[in-house]
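# turn this into a structure:
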Amino acid sequence: MIRRLLVVLFGLLVVLQVSPGISSDSLLSSLATALALSVINLTLKPLLLLLTLPVNLLSLGLFTLVINGACLALAAGLVDGFHVAGFGSAVLGALLLSLVTLVVNGLLRKEER
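Below you'll find the model as predicted:
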């Protein structure tokens with residue numbers, strides 16, 4: 001759980017450097033956002049994916065990006081000091097966050113072998 005939180009935090013820090021529409025006031029607010037996003041991804045995201053399954057199938061899975069953006073925007077709304085400019089920025093940030101966490105998790109799995 002802690003490793004997952006650190007991977008999400010690292011991903012958020014990368015997104016903060018790359019995405020112009022996402023900003024954070026401090027490292028503490030980024031950590032709080034990573035925690036909120038982890039909880040949202042564990043609890044709310046599976047329910048959203050289940051409820052939007054028909055739309056997700058019709059869009060060949062691309063609607064998952066919208067759900068990820070909504071989860072990032074929700075996490076930013078819950079944490080003071082972490083700002084997302086708009087829904088487009090949230091979707092772009094979620095896409096970048098997904099790519100970074102995918103790469104980092106892949107590298108960590110290689111080290112475990």
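
# so which other helices or strands are in contact with the host helix or strand of residue 110?
Secondary structure assignment for residue 110, by DSSP states H and E: helix 87-112. With contacts taken as 3 or more CB pairs under 8 Å, 6 or more residues apart in numbering; DSSP states H and E, helix 87-112 sits against helix 2-18, strand 22-24, helix 63-78. Where C-beta positions appear, they are placed from N, C-alpha and C, glycine not excepted.

# can you rerun that using 6 Å?
The contact analysis (3 or more CB pairs under 6 Å, 6 or more residues apart in numbering; DSSP states H and E) places helix 87-112 against helix 2-18, helix 63-78.

# name the residues of it that are buried.
In terms of neighbour count (16 or more other CB atoms under 10 Å), helix 87-112 has its buried residues at 89-98, 100-101, 104.

# cool, stretch 33-47 as well?
Within stretch 33-47, the residues that count as buried by 16+ other CB under 10 Å are 33-38, 40-41, 45.
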